[in-house]
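Q: this is a predicted model, with the sequence first.
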Amino acid sequence: ETGVTQTPRHLVMGMTNKKSLKCEQHLGHNAMYWYKQSAKKPLELMFVYSLEERVENNSVPSRFSPECPNSSHLFLHLHTLQPEDSALYLCASSQARGYSPLHFGNGTRLTVT
Amino acid sequence: QQQVKQSPQSLIVQKGGISIINCAYENTAFDYFPWYQQFPGKGPALLIAIRPDVSEKKEGRFTISFNKSAKQFSLHIMDSQPGDSATYFCAAGDFSKYGNKLVFGAGTILRVKS
């Protein structure tokens, strides 16, 4: 596998469920990111892990909990979500230093019912 | 200060025409300006990027024009093709700190009519 892989591609969950999104990168990068993409809105940066340390948490509600066990894997744990959390969640990776472009996965389409 | 404003929201261009998308930013600390292209069902992919030390960068049919004093930059797609139909995002980043934190525009949906 190459690039950035996200699973699952689609997820429907109730407001009381607990689920996790998974991201894996095969590019040798050492920084990973979670972005939220909603229709007609800019991509919103949620979390950044650089060298396995969380360096950014953009006032994201605590019902979203990231985990980065190593430089190749990133998780987003979800619990007691709200319908307005329905969106496309994108994972990306890059080198932590220099003008390294972000490489995105194809996202997980999340629907909260 | 962290916003990047992108226009137009949508654009229809005839095949062979020029597509132009504009972006403006406020934060003068931004020093990296990439454009991303996104097809339905796919994640955004880097198209072309520019640093503020140059006013223009060209790669094939795609050109970025950068105006540092006006804090504006634009994407020009020459000889637009139906395969260019996609959503385009501009972004701006400050890479002086660790991690590459990009601020994105809201996107432009481009449709090229054949």
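A: Great, that's in hand. The structure presented is a predicted model; accordingly, all values stated were derived computationally and were not measured.
Q: is the helix or strand of chain B with the lowest mean pLDDT in proximity to chain A?
A: Least confident helix or strand of chain B, by mean pLDDT, DSSP states H and E, is strand B:101-104 with a mean of 87. Yes - using CB under 8 Å from any CB of the partner chain, strand B:101-104 comes into contact with chain A via B:101, B:102, B:103, B:104. All C-beta atoms are positioned from the backbone trio N, CA, C, and that covers glycine.
Q: can you name the residue of chain A nearest chain B?
A: Nearest residue of chain A to chain B, counting by CB to the nearest CB: residue A:104, 3.2 Å away.
Q: do you know how far that residue is from residue A:22?
A: Residue A:104 is 15 Å from residue A:22, where distance means CB to CB, to the nearest Å.
Q: of the two, who's got more company?
A: Neighbours per residue, other CB atoms under 10 Å in any protein chain shown: of residue A:104 and residue A:22, the larger number sits with residue A:104, 25 against 16.
Q: for the residue nearest to that one when sequence neighbours are not counted, phi and psi?
A: Nearest residue to residue A:104, sequence neighbours excluded (CB to CB, 6 or more residues apart in numbering or on different chains): residue B:43, at 3.2 Å. The phi/psi pair for residue B:43 (degrees, to the nearest 10) reads phi -80, psi 160.
Q: what pLDDT does residue B:43 get?
A: On pLDDT, residue B:43 comes in at 95.
Q: next one, pLDDT for residue A:95 please.
A: 89.
Q: quick check: the closest residue to it other than its chain neighbours vs residue A:104, distance?
A: Nearest residue to residue A:95, sequence neighbours excluded (CB to CB, 6+ apart): residue A:29, at 5.7 Å. Separation of residue A:29 from residue A:104 (CB to CB): 12 Å.
Q: just how off-centre is the least confident helix or strand in chain A by mean pLDDT within its chain?
A: None of the helices or strands of chain A scores lower by mean pLDDT, DSSP H and E than strand A:53-57, at a mean of 72. Taking CA atoms, centre = their mean, to the nearest Å, one finds the center of strand A:53-57 at 13 Å from the center of the full chain.
Q: which bits of chain A sit near chain B?
A: A:4, A:31, A:33, A:40-43, A:45, A:48, A:50-51, A:55-56, A:90, A:92, A:94-107.
Q: pLDDT score assigned to the most centrally placed residue in chain A?
A: Residue closest to the mean C-alpha point of chain A, counted by CA atoms, centre = their mean, is residue A:34 at 3.0 Å. Residue A:34 is assigned 95 on the pLDDT scale.
Q: tell me which element it falls in.
A: Element membership of residue A:34 [criterion: DSSP states H and E] is strand A:31-37.
Q: so where's the chain shaky on pLDDT?
A: Let's take chain A. Residues of chain A meeting the criterion pLDDT under 70: A:1-2.
Q: I was thinking of chain B, sorry if that wasn't clear
A: B:1, B:96-99.
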